[in-house]
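Enquirer: Sequence and computational prediction follow.
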Amino acid sequence: MTSETSVNRKSRVGVVVSDVNDQTIVVVVERAARHRIYRKVIRQTKKYHVHDPGNLATRGDLVRIEECRPISKLKKFRLVEVLTERDVAEIAPATIGQGIVEEIESSATIKAEFDEESIEQVSNTLEEDGIEEVEGNP
């Protein structure tokens, strides 16, 4: 007979809401409970500080966590696995860059045309009023 001890550990599934700290993530676990008097289903959430030694999980990932010995004041759970990673939109950088370049060029040409027209209008107005242009600060 082997001397294995069975360990009943609590396991939870939740979403990572913070991964700012090194080797620590914050996971929100949501559960539904029926109110004992009104019988309405109420969603309850709890935040767990979880030990993530490899910094595997990122914000938005669905993860499985498991109870363990206390690692620090707040960390009593450890990361078991990342179930699904967050969805990241994949857009080619060349596409983004080309769109920005086109927008900048169009706005620059509009501004140049506007500046030339406004300079001509101001100089015409000054000539009509008989005022000479003065260079420098007023």
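Expert: Right, received. Where do you want to start?
Enquirer: Could I get the full set of strands for the protein?
Expert: For the chain, the strands defined by DSSP state E occupy 11-18, 24-34, 41-51, 62-67, 75-84.
Enquirer: Just grab the bridge partners of His51 for me.
Expert: Assessed by DSSP bridges, His51 has beta-bridge partners Thr24, Arg78.
Enquirer: Now do the same contact list for it.
Expert: Gln23, Thr24, Cys68, Ile71, Lys75, Phe77, Arg78, Leu79 (CB atoms under 8 Å, 6 or more residues apart in numbering). The way it works is simple: take the backbone N, C-alpha and C, and place the C-beta from them, glycine included.
Enquirer: that older thread, and the strands of the chain: which comes nearest Glu102?
Expert: strand 75-84 (36.4 Å; CB to CB).
Enquirer: Please list the residues outside the closest one that contact it.
Expert: Here strand 75-84 has contacts from 11-13, 24-25, 27, 48-53, 56-57, 61-71, using CB under 8 Å, 6+ apart.
Enquirer: what stretches of this protein score poorly on pLDDT?
Expert: For the chain, the stretches with pLDDT under 70 are 1-6, 88-99, 101, 107-119, 122, 126, 129-138.
Enquirer: Since that was my last question, I'll sign off now.
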